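**Student:** Here is my input, please return the structure:
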Amino acid sequence: MATMTSLIGLINKIQRACTVLGDHGGEGLSLWEALPSVAVVGGQSSGKSSVLESVVGRDFLPRGSGIVTRRPLVLQLHKTEDGQQEYAEFLHTPRKRFTDFASVRKEISDETDRITGKTKQISNVPIHLSIYSPNVVNLTLIDLPGLTKVAVEGQSETIVEDIENMVRNYVEKPNCIILAISPANQDIATSDAIKLAKEVDPSGERTFGVLTKLDLMDKGTNAVDVLEGRQYRLQHPWVGIVNRSQADINKNVDMIVARKKESEYFETSPEYGHLAHKMGSEYLAKLLSQHLEIVIRQKIPSIIALINKTIDELNAELDLIGRPIAVDSGAQLYTILEMCRAFDKVFREHLDGGRPGGDRINGVFDHQLPAALKKLPFDRHLTINNVQRVVTEADGYQPHLIAPEQGYRRLIEGSISYFKGPAEASVDAVHFILKELVRKSISETEELKRFPSLQSDIAASANESLEKFRDESRKTVLRLVDMEASYLTVEFFRKINDEPNRTGPNAEKEKEKEKRKDKFLDNFSDNHLRKIASNVSSYIQMVLDTLKSSVPKAVVYCQVREARRSLLNHFYVQVGRREKEQLSAMLDEDPVLMEKRVQIAKRLELYKQARDDIDSVAWK
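**Tutor:** Below is the predicted model:
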């Protein structure tokens, strides 16, 4: 019995710890749900409250007409050493001990009203009560609202369905033992508790039947057929209970005295005397405790497996959000550098592949740059009038021997200068993409999520570096454009064909006419100007082909390659010079994550302690 007491008491302790930490719900099977408990189910006026009080040996539950139990009451009984004072504790008032059980009753009513208001509505938010007494057995009982068939004034129309759903939510769990309370002075076939138990536990493996009000049956009738399992068979024996009468309740008859009267009733009853040894509230409590111990032993392997699985999950979650940070500056600096490496790894994956985003840089040169070049106003720049104006202004009054060299140079320089706009736009487009990748990388770096200040510092330093890379890239591409514009070789002029010699019968006459014209104007005839424009256009196309290849390479080298190689170099230098207080400020965690880590650590400690405790008593 000592081992049983230790094991069940330990389960109670674990369940209470789970409740304190809120580990009694959520996805999957929680530890609280994995640990067996006893749910008390019955219709209104079935005597549920009296049965619970008989098991506890104390008068502590609210009484009245209609639905009195309007919230689940999770009642944990803890057996203490003989002679110790009885007391009760509520989870919502953990530092307050109740030694007056009338005050316990009032606290249950007040706490119920706190959630439901002073109405007849119900709530599925449980009240957790622990009672420590030498007169109880270690047990967890869940008192549920009584099943009802009709809604009364002040209740919602769905109250019947709401109560049944609440009760089902508890009794459907595979580790829940059902204590089905039915009054003996009603037909067992109409028992709401038995009907529900049969639906959720058709084999009866988890159901204990309890008959109350045996002393109130009509004369000449008895419940022997039910108690002996002939009328409705369960795998576990039926237990009869004789609760205090209303007169005893009014007189505040002591519960211990009531237990003795109950025992005398069965021992002296001609109908139930042969069953007296397995009747009564004391027997029921021992029966439930013994069965609970058996169930717990059967469930230990699965409980331990669940605990180990949960410990692994909690450790993984703790690793994900990060372990606590050491206080010395060396460890803090190491942590910051580790965060930077994690960010840098994600950023490189965006650039090199594995994560989306880097491919958009190719799109700048494959689509955006060519589209911009098509819109350049070369046609307007190489019109006859503009060519004439540029060439005339460039060469002045001096005639040219082969071709208007200065005019060609200025036409070419002017045309190529149009490329500066798209080139700079390409630099800015790549810069924008890199900034966006920095932002995404910071948000996707799990290790950084706990440090909002460090996130801001890394983002600021990375963007500062990107600004420098953009400036260098802009200078480089503009330098490339200027080089192409200024590099015009003699070979270019050698390839320019002179105007064709005029022949024919009237050639001499035409030449004479031309000589009489202004020689300067003659050089700029329409055909000659068109030829200059055509030569410039051909050369510009060749230059554009070169720039379309060299500019992307320059941009990638100055921005993308440098961002990949040295994005945080300046940040590393800054961090290395910072004092301990500054490092601590950078590692100022998000309070939500700090609280989450604390809760995970507490749950982890709970599960580890539970595993060790169960191992220490389970196999004795």
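**Student:** neighbouring contacts of the strand or helix carrying residue 257?
**Tutor:** Here residue 257, judged by DSSP states H and E, is contained in helix 255-268. Helix 255-268 is contacted from outside by 53-54, 56-59, 135, 214-215, 240-244, 248, 272-273, 275-276, 279-282, using Cβ atoms under 8 Å, 6 or more residues apart in numbering. Backbone N, C-alpha and C define where each C-beta goes, glycine included.
**Student:** again, but for stretch 448-468
**Tutor:** Residues from elsewhere that reach stretch 448-468 (Cβ under 8 Å, 6+ apart): 321-322, 336, 339-340, 342-343, 431, 434-435, 438-439, 442, 559, 562-563, 566-571, 574, 585-590, 593-594.
**Student:** before we move on, back to that, give me the buried entries from the contacts of helix 255-268.
**Tutor:** Neighbour counting by 16 or more other Cβ atoms under 10 Å classes 53-54, 56-59, 135, 214-215, 240-244, 272, 275-276, 279-282 among those as buried.
**Student:** Which ones among those lie within strands?
**Tutor:** Counted as lying in strands by DSSP state E, out of the buried ones among the contacts of helix 255-268, are residue 240.
**Student:** now, which of the buried ones among the contacts of helix 255-268 lie within helices?
**Tutor:** 53-54, 56, 281-282 (DSSP state H).
**Student:** ok, those vs residue 471, which is closest?
**Tutor:** Nearest to residue 471 among these is residue 56, at 80.0 Å by Cβ to Cβ.
**Student:** I'd assumed residue 130 was in contact with the closest one.
**Tutor:** No. Using Cβ atoms under 8 Å, residue 56 is not in contact with residue 130; the gap is 11.3 Å.
**Student:** so what sits against both of these two?
**Tutor:** Taking Cβ under 8 Å, 6+ apart as the contact criterion, the common neighbours of residue 56 and residue 130 are 75, 77.
**Student:** Now a PyMOL select for only the buried ones of the contacts of stretch 448-468.
**Tutor:** The buried subset of the contacts of stretch 448-468, as determined by 16+ other Cβ under 10 Å, is captured in PyMOL by this line:
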select buried, resi 321+322+336+339+340+342+343+431+434+435+438+442+559+562+563+567+568+571+586+587+589
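**Student:** worst-scoring helix or strand of this protein, pLDDT-wise?
**Tutor:** helix 519-522 (a mean of 44; mean pLDDT, DSSP states H and E).
**Student:** next helix or strand past that one?
**Tutor:** Later in the chain than helix 519-522, the nearest helix or strand by DSSP H and E is helix 526-555.
**Student:** that's a strand at residue 304, yeah?
**Tutor:** No. Using DSSP: H, G, I helix; E, B strand; the rest coil, the assignment for residue 304 is helix, not a strand.
**Student:** what about it, distance to residue 289?
**Tutor:** 22 Å (Cβ to Cβ, to the nearest Å).
**Student:** of those two, who's got more company?
**Tutor:** residue 289 (22 against 16; other Cβ atoms under 10 Å).
**Student:** what residues does stretch 167-179 touch?
**Tutor:** 33-41, 51, 72, 124, 141-142, 144-145, 147, 196-197, 200-201, 206-208, 210, 288, 291-292, 295, 299.
**Student:** Strands of this protein, start to end?
**Tutor:** Counting by DSSP E, the chain has strands at residues 37-42, 73-79, 87-90, 93-98, 127-133, 139-143, 176-183, 207-212, 239-240.
**Student:** Pull up the distance across stretch 80-98, start to finish.
**Tutor:** End-to-end span of stretch 80-98 (Cα to Cα, to the nearest Å): 16 Å.
**Student:** pLDDT (mean, whole number) over it?
**Tutor:** Across stretch 80-98, pLDDT averages out at 88.
**Student:** Same check on stretch 455-465?
**Tutor:** The average pLDDT within stretch 455-465 is 94.
**Student:** For that stretch, which residues meet the burial criterion?
**Tutor:** Buried residues in stretch 455-465, counted by 16+ other Cβ under 10 Å: 455, 457-459, 461-462, 465.
**Student:** And stretch 188-195, by the same measure?
**Tutor:** Buried positions in stretch 188-195, judged by neighbour count with 16+ other Cβ under 10 Å: 188, 191-194.
**Student:** Please apply the same query to stretch 549-565.
**Tutor:** Here stretch 549-565 shows 550-552, 554-556, 558-560, 562-564 as buried, counting by 16+ other Cβ under 10 Å.
**Student:** for stretch 219-238, same thing?
**Tutor:** For stretch 219-238, a neighbour-count test (16+ other Cβ under 10 Å) marks 222-223, 226-227, 232, 234, 236, 238 as buried.
**Student:** Quick one: end-to-end distance for that stretch.
**Tutor:** From its first residue to its last, stretch 219-238 covers 21 Å (Cα to Cα).
**Student:** I would like the residues contacting it, please.
**Tutor:** Under Cβ under 8 Å, 6+ apart, the answer for stretch 219-238 is 184, 188-189, 194, 203-205, 207-211, 214, 217, 239-240, 271-272, 275, 278-279, 287, 291.
**Student:** Same question for stretch 424-443.
**Tutor:** By Cβ under 8 Å, 6+ apart, the surrounding residues in contact with stretch 424-443 are 343, 346-347, 350-351, 357-358, 360-361, 364-365, 368-369, 372, 448, 455, 458-459, 462-463, 466-467, 469-470, 473-474, 477-478, 551-552, 555-556, 559-560, 563, 567.
**Student:** Please state the mean pLDDT value computed over stretch 11-23.
**Tutor:** 67.
**Student:** Excluding covalently adjacent residues, which one is nearest to residue 615?
**Tutor:** For residue 615, ignoring the flanking residues on the chain, the nearest one in space by Cβ to Cβ, 6 or more residues apart in numbering is residue 304 at 7.7 Å.
**Student:** That neighbour is in contact with residue 612, isn't it?
**Tutor:** No. In this structure residue 304 lies outside contact range of residue 612 using Cβ under 8 Å: 10.7 Å.
**Student:** where does the stretch 251-400 of the chain dip in pLDDT?
**Tutor:** 378-382, 384-400 (pLDDT under 70).
**Student:** circling back: what's the most distant pair in the buried residues of stretch 188-195?
**Tutor:** Maximum pairwise distance among these (Cβ to Cβ): 11.1 Å, between 188 and 192.
**Student:** coming back round to it: redo the strands of the chain as TSV? Include distance to residue 166.
**Tutor:** What follows is the strands of the chain, written out as TSV (distance: least, Cβ to Cβ, whole Å):
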stretch	distance to residue 166
strand 37-42	11
strand 73-79	12
strand 87-90	20
strand 93-98	24
strand 127-133	14
strand 139-143	11
strand 176-183	13
strand 207-212	18
strand 239-240	25
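**Student:** What count of nearby residues applies to residue 161?
**Tutor:** So residue 161, with other Cβ under 10 Å, has 11 neighbours.
**Student:** What of residue 85?
**Tutor:** Neighbour number of residue 85 under other Cβ under 10 Å is 10.
**Student:** Equivalent analysis for residue 201, please.
**Tutor:** Residue 201 has 20 neighbouring residues, counting by other Cβ under 10 Å.
**Student:** and it, what pLDDT?
**Tutor:** For residue 201, the predicted pLDDT is 92.
**Student:** Give me the phi and psi angles of it.
**Tutor:** Dihedral angles of residue 201 (phi, psi; degrees, to the nearest 10) stand at phi -140, psi 70.
**Student:** With adjacent residues omitted, what lies nearest to it?
**Tutor:** Closest residue to residue 201 apart from its sequence neighbours, by Cβ to Cβ, 6+ apart: residue 207 at 5.0 Å.
**Student:** Test my guess that that neighbour contacts residue 180.
**Tutor:** Yes. With contact defined as Cβ under 8 Å, residue 207 reaches residue 180; the gap is 5.7 Å.
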